[in-house]
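Colleague: just a sequence and a predicted model for now, questions to come.
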Amino acid sequence: MARTFREAAIAGIGATEFSKASGRSELQLAAECSKAALDDAGIHPSEVDGMITFTIDNSDEIGLCRCLGVKDLAYTARIPGGGAAAVATIYQAMALVNAGLCNTVLVWRAMNERSQYRFGQPHTQNLGPQAGNGTGSLLWCMPFGAQTPATWESLAAQRYMQQYGVTNEDLGRVAVAQRKYAATNPAAWFYGKPITLEEHQSSKWIVEPILRLLDCCQESDGGVAIVITSLERAKDLRQKPVKIVGACQSIPYNVEVISNYYHADLSMMPEAEGTAKRLYAQTGMKPTDMQAAMIYDAFTPQVLKQMEGFGFCKRGEAKDFIKSGGIDIDGILPVNTHGGLIGEAYIHGMNSIAEGVRQVRGTAVNQVKNVEHVLVSSGMAGAIFEKV
Amino acid sequence: MTDPTESAPNPPPKPTRLAPIVTLDAKFFWDAADRGEFVGEACADCGKLRFPPRPMCPHCHSVKRNEVKLSGRGTVYTWIQPRHPAPFGFKEPPIVATIELEEGYRLVSNLYDIALEDVKAGMPVEVFFVPTMGNHQVPVFRPRAK
């Protein structure tokens, strides 16, 4: 393969159903969503020559190759940092295609995160430091009773909320907006089940006084896969290509994924601001060029902080932006139009990337009008998708 | 024959808190805690403090380290109470807090002797130690006079 620069595009997306009990192995979920994404693109599975997933995905590359019949894999990589690095899978795939090193890159994430193990419960089985998680300081939390993602998130979110007078009710408006989107999305676990702000406010505290039950994402079983190839090739494939205009990652000094208490000012998100700065410099674009955004929402505060980090509003103004309907379907910037990880499913951010692709294709169930560009963010990584 | 109705005084309850996870680079911190001492790590060459502990100074890249005694005083930065699910090892949900130490860095710990609704940002606190499973101790904090 000639190593000349080639633009990259997303040619296929695929998913299993999103459930609480898939009834089959994680490898089977990985194989099914991968096959679906390759079918969507119109590419034979044997042609995959690059594979990227998360460090913590339990399915093995060779195992998945043996399911798909991949004839000659040229590249494999795993991205550290859990969900925070979801969009970094797209970043790596883009770079591989740009560099002329791969022609068909398969990105996947598949898990029985509800039926087989539970991310939301105390992580006391994972006490030791594990490289590749990007959360090396969790061992400084465990003996003190901060043992779940919700507790780790809350210890940082409170500083942001104090700085800008953000209340739990302000957070609730994110959940209400996203559950409204999920209610009209047949693929969503919470299809047909919108919530009111009152229901949010009467849901139980998970972590007092920061997060209620309805501020938290789901625990889900399921898989999502995405196929990246060259823009030139994608034009001849089954779907309208979705160009990756740019993608990048930013991990500033002393920032880590979730036990993130050691950088100077916890009221802001240096990793989102760093990613935004690099992404806008790389693409020559700006926040107002986006018609929609898919923002990693393991917990509601993350949506506000990333909206500010990516410059969709100024620091401290996300609560008012959301209160005024800014993230709704007819708002200034519709956000997480599939329902997000809160409303659709928690496939570690990959289902939100798939929604970004559907919005650019014009095939989303909650379709935003006149979409040219969508920004997808997972906090430490971001990408901009473009209609061709 | 001992009278079964005259039982001995109850022994103190065994600690249920999880023992610290001791890595080679942070062993000095937990060994000190077991002795009831609150210490930090400073570069032996340039003198700068660092946390979490690590084998190299990010400023001068020396691998020489000194254990330094800390004042044990700090202020509350953020605080929470995990409600659901109940954290493992606690009979009552603890107040978990990030504490900003006088020496200029933060760490995660617990607050004692105060109700959740009475905690305020910037509140002065001081260190003391509580036992864990496996005969270890961890540093925790309680309010102090300014």
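Modeller: In hand now; what should we look at?
Colleague: please make it C-alpha for all contacts and neighbour counts, starting now.
Modeller: OK.
Colleague: and residue A:317, how many neighbours does it have?
Modeller: 16 (other CA atoms under 10 Å in any protein chain shown).
Colleague: that one contacts residue A:308, doesn't it?
Modeller: Yes - counting by CA atoms under 8 Å, residue A:317 does reach residue A:308; the two are 7.5 Å apart.
Colleague: tell me how far the residue lying closest to residue A:25 once chain neighbours are set aside lies from residue A:183.
Modeller: Nearest non-adjacent residue to residue A:25, counting by CA to CA, 6 or more residues apart in numbering or on different chains: residue A:112, 7.6 Å away. Using CA to CA, to the nearest Å, residue A:112 is found at 23 Å from residue A:183.
Colleague: who's more crowded, the two?
Modeller: A direct count of neighbours by other CA under 10 Å for residue A:112 and residue A:183 places residue A:112 higher, at 25 against 21.
Colleague: quick check: beta-bridge partners of the more buried one?
Modeller: Judged by DSSP bridges, the bridge partners of residue A:112 are residue A:221.
Colleague: and it, what does it touch?
Modeller: Going by CA atoms under 8 Å, 6 or more residues apart in numbering or on different chains, residue A:112 touches A:20, A:21, A:22, A:25, A:26, A:220, A:221, A:222.
Colleague: check residue B:103 too.
Modeller: So residue B:103 contacts B:70, B:71 (CA under 8 Å, 6+ apart).
Colleague: how distant is stretch A:71-89 from the center of its chain?
Modeller: 13 Å (CA atoms, centre = their mean, to the nearest Å).
Colleague: quick one: end-to-end length of it, please.
Modeller: Taking CA to CA, the first and last residues of stretch A:71-89 lie 22 Å apart.
Colleague: which residues are contacting that stretch?
Modeller: A:46-56, A:61, A:101-102, A:107, A:132-135, A:247-249, A:257, A:296, A:348-350, A:353, A:376-383.
Colleague: buried sites along it?
Modeller: Of the residues in stretch A:71-89, A:73, A:77-89 count as buried by neighbour count, 16 or more other CA atoms under 10 Å in any protein chain shown.
Colleague: that older thread, quick one: which of the contacts of residue A:112 is most hemmed in?
Modeller: Most neighbours among these, by other CA under 10 Å: residue A:222, with 29 neighbours.
Colleague: for the nearest residue to it once chain neighbours are set aside, which residues are in contact?
Modeller: Setting aside the residues directly before and after it, residue A:222 is nearest to residue A:18 in space (CA to CA, 6+ apart), at 5.0 Å. Counting by CA under 8 Å, 6+ apart, residue A:18 touches A:187, A:188, A:189, A:220, A:221, A:222, A:223, A:344, A:345.
Colleague: closest one of the residues you listed to chain B?
Modeller: Taking CA to the nearest CA as the measure, residue A:220 is the one of those closest to chain B, at 17.4 Å.
Colleague: circling back: can I get the buried residues of stretch A:71-89 in a markdown table with distance to residue A:122 and secondary structure?
Modeller: What follows is these, written out as a markdown table (distance: CA to CA, whole Å; DSSP: H, G, I helix; E, B strand; the rest coil):
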| residue | distance to residue A:122 | secondary structure |
| --- | --- | --- |
| A:73 | 37 | coil |
| A:77 | 29 | strand |
| A:78 | 25 | strand |
| A:79 | 23 | strand |
| A:80 | 21 | coil |
| A:81 | 18 | coil |
| A:82 | 16 | helix |
| A:83 | 18 | helix |
| A:84 | 19 | helix |
| A:85 | 22 | helix |
| A:86 | 23 | helix |
| A:87 | 26 | helix |
| A:88 | 27 | helix |
| A:89 | 27 | helix |
